[in-house]
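Asker: Structure of the sequence below:
(one chain, ligands or ions: 2)
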Amino acid sequence: MKKSSSILVNKKDITTIAIGGFDGMHFAHQKLFKNLGEKGGIVSIESGFSNLTPKSYRQEYSKYPIYYYVLENIKHLSGKEFIDLIKEEFPNLKKIVVGFDFCFGKNRKNCIPQLKELFQGEVVVIEEIKVDGISVHSRIIREFLKDGNIEFANKLLGKNYKIFGDQIKGQGLGSKQFVPTINLRVEDFLLPKEGVYATKTIISEKKHNSVTFLGHRKTTDGSYAVETHILDKNIKNSYRTVQVEFIKKLRENEKFDSFEALKEQIQKDILNAKNILSI
Ligand SMILES: Cc1cc2nc3c(=O)[nH]c(=O)nc-3n(C[C@H](O)[C@H](O)[C@H](O)COP(=O)(O)O)c2cc1C
Ligand SMILES: Nc1ncnc2c1ncn2[C@@H]1O[C@H](COP(=O)(O)OP(=O)(O)O)[C@@H](O)[C@H]1O
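Answerer: Ligands and ions are numbered 1, 2, ... in the order given. Next up, the predicted model:
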């Protein structure tokens, strides 16, 4: 099935919805979506704190149309008022899919029993989804990313963690002293811990193997940078949106005594990244 966008699918055509925040569109969220059937839709309640898949990037991860509601505008509603709103918005709604920990209405006072009471249709409750014994939640994925544990974050996500950034001008040192890099300005996305990562960089829909540095350039100007070096290719400046998928952390950010020492280390990083990306 082709991906739908909420703009294209009339709410009247929706018979099943999944409700939640859905930051990350992670492994457990995907399990919920598997229960949506043919005329499904996703109701995403925006807290304003989502930084794994900020709102405008979320549709990429589901074929179902996503309908956004701002938490600030609905959090005063009682449980009944919230369900009444949902029924009004989706007049042909027959089924609601939520996770075991879903709560709603003012102060999250209503949970699964109240949902079953207030909604006359079918309520499907998905039991707690765990990966390697860890419950899958956006807040837990954030902690793994902040710790640089990309491999486990990716396991919980069920995909590679990906950020979007716009190319900006760098210090102009890369090509001359070290290796050429695409410098990125990243907004809205949580950035993993400072350090060097094996990554894949997507430019104009083409995926390239890469090594990415995130952090304060302690060895040069000290400023914070996100820089990606594409392996074995010369890439022209694009000054467009670039996507970076994180695969594995290679090492911590370090201060080197000389440019020469950093240059040597970068060559080792490139070899390590190649090994991990199997090229
Ligand atoms: C693979 C890689 C690893 C890097 N590691 C470090 C590092 O550990 N410490 C540091 O201060 N800068 C590090 N850098 C950043 C360099 O200092 C930076 O690329 C250089 O200052 C050029 O910046 P420019 O692209 O803005 O000209 C790294 C860059 C790359 C590509
Ligand atoms: N680990 C999980 N197992 C089962 N359901 C989950 C899990 N995590 C989230 N859900 C369900 O997915 C929907 C979106 O939840 P949300 O609160 O946005 O996720 P998270 O807990 O990751 O922040 C809710 O209905 C929630 O109950």
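
Asker: how does the chain divide up, domain by domain?
Answerer: 12-128, 160-276 (automatic domain parsing).

Asker: What's the per-residue pLDDT of the closest residue to ligand 1 within the chain here?
Answerer: Residue nearest to ligand 1 within the chain: Gly170 (2.6 Å; Cβ to the nearest ligand atom). C-betas here are computed from N, CA, C, even on glycine. Note on Gly170: pLDDT of 83.

Asker: Quick check: it touching Thr181?
Answerer: Yes: using Cβ atoms under 8 Å, Gly170 is in contact with Thr181, at 6.4 Å.

Asker: who's more crowded, those two?
Answerer: Thr181 (23 against 18; other Cβ atoms under 10 Å).

Asker: quick one, what contacts that one?
Answerer: By Cβ atoms under 8 Å, 6 or more residues apart in numbering, the contact set of Thr181 is Gly170, Gly174, Phe213, Glu227, Thr228, His229.

Asker: before we move on, what about Thr228?
Answerer: Thr181, Ile182, Leu184, Thr199, Thr201, Ser210, Val211, Thr212, Phe213, Val242, Val244.

Asker: can you pull the alpha-carbon coordinates of the lengthiest helix in the chain into PDB?
Answerer: Ranked by residue count, the top helix of the chain under DSSP state H comes out as helix 259-276. C-alpha atoms of helix 259-276 as PDB (Å, rounded to 0.1, in the frame of the first residue of the first chain):
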ATOM      1  CA  PHE A 259      46.500  18.900  13.700                       C
ATOM      2  CA  GLU A 260      48.800  16.100  12.600                       C
ATOM      3  CA  ALA A 261      47.600  13.900  15.500                       C
ATOM      4  CA  LEU A 262      43.900  14.600  14.700                       C
ATOM      5  CA  LYS A 263      44.500  13.900  11.000                       C
ATOM      6  CA  GLU A 264      46.100  10.500  11.800                       C
ATOM      7  CA  GLN A 265      43.100   9.700  14.100                       C
ATOM      8  CA  ILE A 266      40.600  10.700  11.400                       C
ATOM      9  CA  GLN A 267      42.300   8.200   9.000                       C
ATOM     10  CA  LYS A 268      41.900   5.500  11.700                       C
ATOM     11  CA  ASP A 269      38.200   6.500  12.100                       C
ATOM     12  CA  ILE A 270      37.700   6.100   8.400                       C
ATOM     13  CA  LEU A 271      39.100   2.600   8.400                       C
ATOM     14  CA  ASN A 272      37.000   1.700  11.400                       C
ATOM     15  CA  ALA A 273      33.900   3.000   9.800                       C
ATOM     16  CA  LYS A 274      34.600   1.100   6.600                       C
ATOM     17  CA  ASN A 275      35.000  -2.100   8.700                       C
ATOM     18  CA  ILE A 276      31.700  -1.600  10.400                       C
END
